[in-house]
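Participant: Turn this into a model:
(chains A and B)
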There are 2 protein chains.
Amino acid sequence: MEFIDKLNIYREKINASLDEVLKVQEPKLLYEPMKYIIEIGGKRIRPILCEIFYRMFNGEKDKVLYPALAIELLHNFTLVHDDIMDDDDKRRNKPTVHVKWDLAVGVLAGDGVISLAYKVLLKEKYESCDHINRIFTEGLLEVCEGQGFDKEFETRVDVTEPEYINMIDKKTSALLAVSAKIGAACANVDNELIEIGNQYGRALGLAFQIQDDYLDIAGDEKLLGKTYGSDVQKGKKTYLYIKAKEKLTGEDLYKFNEIIEKENVTREEILTVRDIYDRNGILDDTNNEIVRRIDLAKEAIEKLSKNYDTKELKEFTEYMLNRKF
Amino acid sequence: MEFIDKLNIYREKINASLDEVLKVQEPKLLYEPMKYIIEIGGKRIRPILCEIFYRMFNGEKDKVLYPALAIELLHNFTLVHDDIMDDDDKRRNKPTVHVKWDLAVGVLAGDGVISLAYKVLLKEKYESCDHINRIFTEGLLEVCEGQGFDKEFETRVDVTEPEYINMIDKKTSALLAVSAKIGAACANVDNELIEIGNQYGRALGLAFQIQDDYLDIAGDEKLLGKTYGSDVQKGKKTYLYIKAKEKLTGEDLYKFNEIIEKENVTREEILTVRDIYDRNGILDDTNNEIVRRIDLAKEAIEKLSKNYDTKELKEFTEYMLNRKF
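Facilitator: Numbering: from 1, shown residues only, chains lettered A, B, ... in the order given. Model (predicted):
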């Protein structure tokens, strides 16, 4: 079977199960927006990664479902609250909860989703249940910390590369690491293997996020459509922005600052920033950093390949990172 | 020792321990508002009730501290998000988090506090750890449901008494029930005793909340100060409001509706509502309902008195319900 077909099977199972754990009941003002958030969808990357780790370690059939769903719920909790914090109107072309309903409902629906996440996590008993709860909770706190750093960075112009890496490690990688770790923990493997799951998830998350930064301006403009250069538009702190602040001098620095601080940036100006990034080796730096992180993820897979069938995990990694836009 | 002195000892221990579990660290934009919420204070009713149940059942010394702190954190999480949902500027005479910082920080700090609550809950291992986690999580979801009903009621004029009782049972009583139940569960008593804790907490919470409704308009005006009649001011659905909508007819109903729907209500009008409540037996109805709920709490205590020393629990109940304003 092609990997993409396997992915679809995983995804359908997860969606059907999410549907089951999230029945609309009273009060409707809580449960309807909760259901709406979940139904907006997404690629269900995290529960799929959780299940792949679990199966690789020969976990007993279906003993990973509820923790995997809980991770997806945790992820959706962060989305609905992040949309409020960033005042985003749309997600996947649909109005966000605080726009479709109102602010109060947005806050409350997020709170409901994280409550449900714990309820689902605790649905079944595991030998390692205490450990699973801890991994889950540390992940949740890390995601909050990541969002806190991200908010702090909005008002700073002197963010360093290690600070930026630490922020995306918490905001993006932590939950991928949680997925791999909980998949492993559900299969009752020892801590050494869980730690390899952590390494893999962290590396994958960083590679993915820095690639996201890269593709926003260096990707195929047509494929990206009207979001092309959106990070420059918003003056967002990205890996390329951090590198630019570190490396640029003279005319290029002046021009970069001018464009990045503007309210409305034209397509011409985005291309100017892209050119500045290119001429100063920032696109290369970023590419090198992505490759370095991918290599770290592959190293983790190699450690596992000695004793386990890592075919699915390799295919998943390919799927996550082979994007051109 | 006087009970009030014992309360202060409990409270100081809880505050010192909260201080320990909530150190300000990076990112400051997350941890400073989290600490601020906790330091605004409060009576620490819930962790004290948790500890009283634990000690009554002869729990091993100090094996209840972390779950008790987690409950106080859960409570504070609801406060910071409720303040956003209700757009309240002040809490205990201090600016609320979303006013002192901003909306994004308010949402995030609440999320941080509930994450920390779970981290603290999982700090120590208990025989009944799985059960404790479930009680805690069900309580959290109930509080969200209660808030959802409360929000729904804002736009309804036909809320029935059972609906109102169900709402405050979830919004106020659930967490007092959680406190008693977790205190009992930490002491490893059987489910029957945990269920008595539940009955007690539910009854106490309902008595307390309906008393709150009552005192807002029937309490001593001087003691209440400028908040006198604030529920009428806001047109809030209270036990008395529900009863009024059920019982009033003719001139009284017309007058009541007129005042309750006004933007700005004068002291004279509040006294008119009080008079309407009085003449139509609504103050008496409310008082009877409070007494009925107090009796249910006392019944629960009586069941425990056969085998346990309930002196502290009785004193605590007195302390909670003997208010004149």
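
Participant: Every contact and neighbour count from this point should use C-alpha atoms.
Facilitator: Noted.

Participant: list the contacts for A:Leu65?
Facilitator: Taking CA atoms under 8 Å, 6 or more residues apart in numbering or on different chains, we find A:Leu65 in contact with A:Ile14, A:Glu51.

Participant: So, low pLDDT: which residues of the stretch 1-150 of chain A?
Facilitator: Applying pLDDT under 70 to the stretch 1-150 of chain A flags the ranges A:59-61.

Participant: what does it put close to chain B?
Facilitator: Counting by CA under 8 Å from any CA of the partner chain, the stretch 1-150 of chain A comes close to chain B at A:26-30, A:81, A:84-86, A:103-105, A:107-108, A:111-112, A:115-116, A:118-119, A:122, A:130, A:133-134, A:137-138, A:140-141, A:144-145, A:147-149.

Participant: Any of these buried? List them.
Facilitator: Listed as buried from the residues of the stretch 1-150 of chain A next to chain B are A:27, A:29-30, A:81, A:84-85, A:103-105, A:107-108, A:111-112, A:115-116, A:118-119, A:122, A:130, A:133-134, A:137-138, A:140-141, A:144-145, A:147-149; burial here means 16 or more other CA atoms under 10 Å in any protein chain shown.

Participant: Render the CA-only coordinates of the helix or strand hosting A:Ala109 in PDB, please.
Facilitator: Per DSSP states H and E: A:Ala109 is located in helix A:103-121. What follows is helix A:103-121, C-alpha atoms only, in PDB (Å, rounded to 0.1, in the frame of the first residue of the first chain):
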ATOM      1  CA  LEU A 103     -14.500  36.300  22.300                       C
ATOM      2  CA  ALA A 104     -16.100  34.600  25.400                       C
ATOM      3  CA  VAL A 105     -17.100  31.600  23.400                       C
ATOM      4  CA  GLY A 106     -13.600  31.300  21.900                       C
ATOM      5  CA  VAL A 107     -11.900  31.400  25.300                       C
ATOM      6  CA  LEU A 108     -14.400  28.900  26.800                       C
ATOM      7  CA  ALA A 109     -14.400  26.500  23.800                       C
ATOM      8  CA  GLY A 110     -10.600  26.300  24.100                       C
ATOM      9  CA  ASP A 111     -10.900  25.500  27.800                       C
ATOM     10  CA  GLY A 112     -13.500  22.900  27.000                       C
ATOM     11  CA  VAL A 113     -11.200  21.200  24.400                       C
ATOM     12  CA  ILE A 114      -8.300  21.000  26.800                       C
ATOM     13  CA  SER A 115     -10.600  19.600  29.600                       C
ATOM     14  CA  LEU A 116     -11.900  17.000  27.100                       C
ATOM     15  CA  ALA A 117      -8.300  16.200  26.100                       C
ATOM     16  CA  TYR A 118      -7.500  15.100  29.700                       C
ATOM     17  CA  LYS A 119     -10.800  13.200  29.900                       C
ATOM     18  CA  VAL A 120      -9.900  11.300  26.800                       C
ATOM     19  CA  LEU A 121      -6.300  10.800  27.900                       C
END
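
Participant: hey, where'd the helices end up in the stretch 51-200 of chain A?
Facilitator: Ranges of helices within the stretch 51-200 of chain A are A:65-85, A:97-100, A:103-121, A:129-154, A:161-168, A:174-186, A:191-218, based on DSSP state H, counting those that start in this stretch.

Participant: Quick check: the residue of the stretch 101-250 of chain A nearest chain B.
Facilitator: For the stretch 101-250 of chain A and chain B, the shortest gap (CA to the nearest CA) falls at A:Ala104, measuring 4.4 Å.

Participant: That residue reaches A:His98, doesn't it?
Facilitator: Yes: using CA atoms under 8 Å, A:Ala104 is in contact with A:His98, at 7.4 Å.

Participant: now, of the helices of the stretch 51-200 of chain A, which is deepest in the fold?
Facilitator: helix A:174-186 (a mean of 30; mean count of other CA atoms under 10 Å in any protein chain shown).

Participant: Report the contact partners of A:Arg202.
Facilitator: Neighbours of A:Arg202 in contact, by CA under 8 Å, 6+ apart: A:Asp169, A:Ser173, A:Ala174, A:Leu176, A:Ala177, A:Ala297.

Participant: Now flag whichever of these is closest to A:Lys236.
Facilitator: Nearest to A:Lys236, judged by CA to CA, of these is A:Asp169 at 16.8 Å.

Participant: pretty sure the closest one contacts A:Gly205?
Facilitator: Yes: counting by CA under 8 Å, A:Gly205 is a contact partner of A:Asp169 at 7.1 Å.

Participant: Leaving out chain neighbours, which residue sits closest to the most centrally placed residue in chain A?
Facilitator: Compute the mean C-alpha point of chain A, and by CA atoms, centre = their mean the closest residue is A:Thr172, 4.1 Å away. In this structure, A:Thr172 finds its nearest non-sequential neighbour in A:Gly205, 5.8 Å apart by CA to CA, 6 or more residues apart in numbering or on different chains.

Participant: quick check: angle from the helix or strand containing A:Leu313 to helix A:191-218?
Facilitator: Using DSSP H and E, A:Leu313 falls within helix A:311-321. Between helix A:311-321 and helix A:191-218, the angle comes out at 30 degrees (axes from the mean of the first three to the mean of the last three CA atoms, to 10 degrees).

Participant: so what secondary structure elements neighbour helix A:311-321?
Facilitator: helix A:3-21, helix A:45-56, helix A:191-218 (3 or more CA pairs under 8 Å, 6 or more residues apart in numbering or on different chains; DSSP states H and E).

Participant: Let me know the next secondary structure element after the last one.
Facilitator: Which is helix A:191-218. Following helix A:191-218 toward the C-terminus (DSSP H and E): helix A:221-224.

Participant: so A:Ala185 sits right up against A:Ile194, yeah?
Facilitator: Yes: contact criterion CA under 8 Å: A:Ala185 and A:Ile194 qualify, at 6.6 Å.

Participant: about what we covered before: need the helices and strands packed on helix A:311-321 in TSV with distance to B:Ile276, can you?
Facilitator: Below are those laid out as TSV (distance: least, CA to CA, whole Å):
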stretch	distance to B:Ile276
helix A:3-21	47
helix A:45-56	58
helix A:191-218	64
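
Participant: What residues sit buried inside stretch A:35-46?
Facilitator: Neighbour counts over stretch A:35-46 (16+ other CA under 10 Å) mark A:Lys35, A:Ile37, A:Ile38, A:Arg44, A:Ile45, A:Arg46 as buried.

Participant: residues making contact with it?
Facilitator: A:11, A:14, A:18, A:22-24, A:68, A:71-73, A:76, A:80, A:91-92, A:94, A:97, A:175-176, A:179.

Participant: let's see it at 6 Å
Facilitator: Residues outside stretch A:35-46 that contact it (CA atoms under 6 Å, 6 or more residues apart in numbering or on different chains): A:Ser179.

Participant: Check the gap between A:Val120 and A:Ala68 for me.
Facilitator: Applying CA to CA, to the nearest Å, the value for A:Val120 to A:Ala68 is 9 Å.

Participant: for A:Thr137, same thing?
Facilitator: Taking CA to CA, one finds A:Thr137 at 14 Å from A:Ala68.

Participant: Same question for A:Gln25.
Facilitator: A:Gln25 is 23 Å from A:Ala68, by CA to CA.

Participant: Tell me how far the helix or strand containing A:Lys245 lies from the chain's centre.
Facilitator: For A:Lys245, the host element (DSSP H and E) is helix A:239-247. Relative to the centre of its chain, helix A:239-247 is centred 22 Å away, using CA atoms, centre = their mean, to the nearest Å.
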